[in-house]
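A.B. asks: Next come a sequence and a model predicted from it.
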Amino acid sequence: MTASTIKQPDIQQVLGPVLPSLPAAALSAKPAENILPHLSPILRQRVQLLSSASTEPWIRLLCYDPGKVPRLTEIAQGDRLEPHPVSGEVEIDWEYDSETRYRRVDEETIQALVALKDLNLAFRLVYCTGDPLGDGWKVGEVSVTEKSSPFSSFGGVSSIVEADRQFKESKSKTTQSNGFSSSRGAVGLDDDDDDDDDYWARYDATPARTPAVKRSPAPQSIRGPGSTAEDDYYAQYDSVQPAMDNHDPDEEVDLDIAPPLGLGTRPSNHASNGSDEEDVELNETQGAWTLANPPRSPSTHSRRSGDDPNLLHPHPRPASSAGSNASVEKLEAAAAKQEQSDFGVKQHVSRSIKSLFMLSRASGIDREEFERLVKTELDMLGLMEE
């Protein structure tokens, strides 16, 4: 929206219909329909929406400053705004009694402030485009003039061209100031980066320390010279006793039990030719006749009466009487497990019968009928076994 496409407003045409409606707006809560097209889209929407939800006069909606509404209402109710009886318009010399200033808010918005000094009224006009009711200058606000100067807060210049020029100059100054601020901000960021570099450089100057070597808890025999850290980690579980394993190697006691007669290790005879006879190995739970060689050196083992070193005597002994104690323990453990198993089975049978009885009672079967059913099934089982 450039200055070449915008013309200065016709004050009489824009404000002529609005002035006569102010006295009615100070008394009525509903705005006049013929006034709405002369209002800007924003002010028009404000008047339509807020007036429909209130019973107060809608003149208060024309001013955005609540502090000026009482003064605006007082002026609207005065005799200065009474229309002429013949023309029906308010008698105002628009060229002499009005003064207009312009300012551009942004590239899309340009405003004008029209001050009527004799009436102490100020009208802020806005150039609108795309309005369904027509483009052009529309009333954006109705207020009262300030006592010191009508344009003290608005500012502005006397022409649209001058307003555009001031806007361009202020925009260029703003761009330059933003660029200068950005450069200073960049310098400040560089300084902050230097400070951060100095801060972290102190850690770089700190001498490094090698952490102590952590040795694996596994025995040295397990950890070979080429073992890795992963091997060391898993090696520590080799000596852990599983919770479900009843066999604990630490509880074993090495018993030095003398071997039975005839099954002992043969003493070495330095005078022999070095040949050894084959030993007979049998299962430790089986009994067998084993042949025991008599001691070859009388100096090492004393001879029993009636023994001939040249004869082989049969001895009815177990193949491994040294493991008899272990066999007894295993048999006792097996018997205990069998007893526990039998007890568990009995408990299961008892609980099953109780459960069946409770189920029968819940189904309406009495005790006698339940006993008859159980007895019948037992008799059937007896027939099946036969």
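C.D. replies: Everything's here; your move.

A.B. asks: what's near enough to touch residue 130?
C.D. replies: For residue 130, no contacting residues are found, by Cβ atoms under 8 Å, 6 or more residues apart in numbering. Yep, even glycine has a C-beta here, placed from its N, CA and C like the rest.

A.B. asks: So it, which state does it fall into?
C.D. replies: Classification of residue 130 into helix, strand or coil gives coil, according to DSSP: H, G, I helix; E, B strand; the rest coil.

A.B. asks: Same check on residue 30?
C.D. replies: Each residue gets one of three states, and residue 30 gets coil by three-state DSSP.

A.B. asks: how many neighbours does the residue nearest to it when sequence neighbours are not counted have?
C.D. replies: Across the structure, with Cβ to Cβ, 6 or more residues apart in numbering as the measure, the residue nearest residue 30 apart from its sequence neighbours is residue 51 (6.2 Å). Neighbourhood size, residue 51 [other Cβ atoms under 10 Å]: 19.

A.B. asks: which of the residues in whichever strand or helix holds residue 51 are buried?
C.D. replies: Using DSSP states H and E, residue 51 falls within helix 41-52. Taking 16 or more other Cβ atoms under 10 Å as the neighbour-count basis, helix 41-52 is seen to contain the buried residues 43-44, 46-47, 51.

A.B. asks: And the contacts of it?
C.D. replies: Contacting residues not belonging to helix 41-52 are listed as 29-31, 36, 39, 58, 61-62, 128, 131, 138-141 [Cβ under 8 Å, 6+ apart].

A.B. asks: From the residues you listed, keep the buried residues only.
C.D. replies: Buried residues within these, defined by neighbour count using 16+ other Cβ under 10 Å: 31, 39, 58, 61-62, 128, 138-141.

A.B. asks: Residue 84 should be in a strand, yeah?
C.D. replies: No: residue state for residue 84 (three-state DSSP) corresponds to coil; a strand is not indicated.

A.B. asks: Can you classify residue 112 as helix, strand or coil?
C.D. replies: If you use three-state DSSP, then residue 112 falls in the strand class.

A.B. asks: so where does the closest residue to it other than its chain neighbours fall, helix or strand?
C.D. replies: Here the nearest residue to residue 112 in space, its sequence neighbours aside, is residue 125; by Cβ to Cβ, 6+ apart that works out to 4.3 Å. For residue 125, the element it lies in under DSSP H and E is strand 121-128.

A.B. asks: I'd like to know which elements whichever helix or strand comes after that strand is packed against.
C.D. replies: Using DSSP H and E, the helix or strand that follows strand 121-128 towards the C-terminus is strand 136-144. For strand 136-144, the packing partners by 3 or more Cβ pairs under 8 Å, 6 or more residues apart in numbering; DSSP states H and E come out as helix 11-15, helix 41-52, helix 69-76, strand 121-128.

A.B. asks: CA atoms of the first one as CSV?
C.D. replies: This points to helix 11-15. Taking C-alpha atoms only, helix 11-15 is exported to CSV below (Å, rounded to 0.1, in the frame of the first residue of the first chain):
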residue,chain,number,x,y,z
ILE,A,11,-13.5,14.6,6.0
GLN,A,12,-17.0,15.7,5.3
GLN,A,13,-18.0,12.5,3.5
VAL,A,14,-16.4,10.3,6.2
LEU,A,15,-17.5,12.1,9.3
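
A.B. asks: what comes up buried for that helix?
C.D. replies: Applying a neighbour-count criterion of 16+ other Cβ under 10 Å, the buried positions in helix 11-15 are 11, 14-15.

A.B. asks: Going by distance to residue 351, which of the residues you listed wins?
C.D. replies: Of all these, the one sitting nearest residue 351 is residue 14; the distance, using Cβ to Cβ, is 102.5 Å.

A.B. asks: No further questions, thank you.
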